[in-house]
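**Q** sequence first, then the predicted structure:
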Amino acid sequence: MSLPVLCDESLLRFYENIRKQTDADLESMRRGYRHLFVNNDSSKRYVASLCEEMNRRRLHYAPIAWL
């Protein structure tokens, strides 16, 4: 998957937004909801491509705790 050209700050902000959405999915599950927004295979593949790029740039980021 090809990523758009982003500066380091934008790349990290984009990744962090996905991580927060995943945390929100976890909280929704705790409350009994079954609909998840980002916890699916396509999101995981996209995040993997983001992580590859962040690793290539040697950026530090918190891992996503997938459900």
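**A** Sure, I can see it. Numbering: from 1, shown residues only.

**Q** which stretches in the protein count as helices?
**A** Along the chain, counting by DSSP state H, helices occupy 8-30, 41-56.

**Q** would you turn the ones you listed into a markdown table with mean pLDDT?
**A** Below are those laid out as a markdown table (pLDDT from 0 to 100):
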| stretch | mean pLDDT |
| --- | --- |
| helix 8-30 | 92 |
| helix 41-56 | 93 |
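
**Q** can you get me a residue count around residue 64?
**A** For residue 64, the neighbour count with other Cβ atoms under 10 Å is 21. From N, CA and C alone the C-beta is placed, and that goes for glycine too.

**Q** my read: it touches residue 18, true?
**A** Yes. Using Cβ atoms under 8 Å, residue 64 is in contact with residue 18, at 7.0 Å.

**Q** overlap in contacts of those two?
**A** Shared contacts of residue 64 and residue 18, defined by Cβ atoms under 8 Å, 6 or more residues apart in numbering, are found at residue 47.
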